[in-house]
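Colleague: With the input below, show me the fold.
(chains A and B)
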Amino acid sequence: NAGVMQNPRHLVRRRGQEARLRCSPMKGHSHVYWYRQLPEEGLKFMVYLQKENIIDESGMPKERFSAEFPKEGPSILRIQQVVRGDSAAYFCASSPLGHKEAEAFFGQGTRLTVV
Amino acid sequence: DAKTTQPPSMDCAEGRAANLPCNHSTISGNEYVYWYRQIHSQGPQYIIHGLKNNETNEMASLIITEDRKSSTLILPHATLRDTAVYYCIVRVASIQGAQKLVFGQGTRLTINP
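Modeller: Predicted structure coming up:
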């Protein structure tokens, strides 16, 4: 059973470009969470999604950032018009539906560098 | 989610037990205690969780005080590969689905040879 898969592992974008980060949850998992980790800082929650629904986006910046988790395919975190401050590691986690204690399993992250 | 308090850093000798404390004095009755760790820049790794009973798995043991206001993660025989930042998190468990994890600053554990 493959773990949470994130790609790409490393992404370089120029200022003003778009970044698309993908997350494939573990098999059978229907909850996805995105976190951001700035250099030398802790993990900050961004958004929590279930299939086709955003459950909690309290950590998402109001502009330029969006996330989706379609019925088919991976979850996508999209950052439009990237700026240098978006350079960070972005981690995705997944957990199964209906298990109230279920632990979340994390991917290895996508390291975004904006030049 | 309840706030947790952890020491910022700890050291432990290789082969000894590492005991990592966590205070969660405002924990609610429906909140579980979870422990994760992050080795270098990798994705966080689940270690263990519990509600009120002590728990043990192949990685660690979790001791929760009777009043549930604090807990201790025990790595029984620490190795150099256990050097990481350890996060203690309290989280509501809901049948509607697992809630988000809110990470604090954690404890940076260094295992010394």
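Colleague: ok, what's across the strand from the residue of chain A found nearest chain B?
Modeller: Nearest to chain B, among the residues of chain A, is residue A:106, at 3.6 Å (C-beta to the nearest C-beta). Any C-beta I mention is one placed from the backbone N, CA and C, and that applies to glycine too. Note on residue A:106: beta-bridge partners by DSSP bridges are residue A:93.
Colleague: and if you look at the one 5 residues further on?
Modeller: Beta-bridge partners for residue A:111, by DSSP bridges, are residue A:10, residue A:89.
Colleague: What's the local residue count around it?
Modeller: By other C-beta atoms under 10 Å in any protein chain shown, 16 other residues sit near residue A:111.
Colleague: Kindly report the same for residue B:86.
Modeller: Residue B:86: 23 neighbours (other C-beta under 10 Å).
Colleague: same deal with residue B:6?
Modeller: Residue B:6: 21 neighbours (other C-beta under 10 Å).
Colleague: Residue A:32 now?
Modeller: By the criterion of other C-beta under 10 Å, residue A:32 has 26 neighbours.
Colleague: ok, it touching residue A:93?
Modeller: Yes: counting by C-beta atoms under 8 Å, residue A:32 touches residue A:93, with 7.2 Å between them.
Colleague: Contact residues of chain A facing chain B?
Modeller: A:4, A:31, A:33, A:35, A:42-45, A:48, A:50, A:55-56, A:89, A:91, A:93, A:95-109, A:111 (C-beta under 8 Å from any C-beta of the partner chain).
Colleague: pLDDT weak spots in chain A?
Modeller: Chain A contains residues with pLDDT under 70 at A:1, A:98-101.
Colleague: is the most centrally placed residue in it in a bridge, and if so with what?
Modeller: Geometric centre of chain A, nearest residue: residue A:34, 3.5 Å, by C-alpha atoms, centre = their mean. Following DSSP bridges, residue A:34 is listed with bridge partners residue A:47, residue A:92.
Colleague: hang on, the earlier thing: check contacts around the residue of chain A closest to chain B.
Modeller: By C-beta atoms under 8 Å, 6 or more residues apart in numbering or on different chains, residue A:106 lies in contact with A:4, A:91, A:92, A:93, B:43, B:44, B:45, B:46.
Colleague: roughly how far apart are the closest residue to residue B:13 other than its chain neighbours and chain A?
Modeller: Take residue B:13 and drop its neighbours on the chain: the residue closest to it by C-beta to C-beta, 6 or more residues apart in numbering or on different chains is residue B:112, 5.6 Å away. Distance check for residue B:112 against chain A: by C-beta to the nearest C-beta, to the nearest Å, it reads 22 Å.
Colleague: Residue B:112 is in contact with residue B:14, isn't it?
Modeller: Yes: between residue B:112 and residue B:14 there is a contact at 6.5 Å, judged by C-beta under 8 Å.
Colleague: Comparing these two, which residue is more hemmed in?
Modeller: residue B:14 (15 against 11).
Colleague: Quick check: the residue of chain B nearest chain A.
Modeller: Here chain B gets closest to chain A at one residue, residue B:43, 3.6 Å apart by C-beta to the nearest C-beta.
Colleague: With residue A:92 as the reference, measure out to that residue.
Modeller: Distance of residue B:43 to residue A:92, given as C-beta to C-beta, to the nearest Å: 8 Å.
Colleague: cool, and residue B:112?
Modeller: Taken as C-beta to C-beta, the span from residue B:112 to residue A:92 is 33 Å.
Colleague: ditto for residue B:28
Modeller: From residue B:28 to residue A:92 the distance is 28 Å (C-beta to C-beta).
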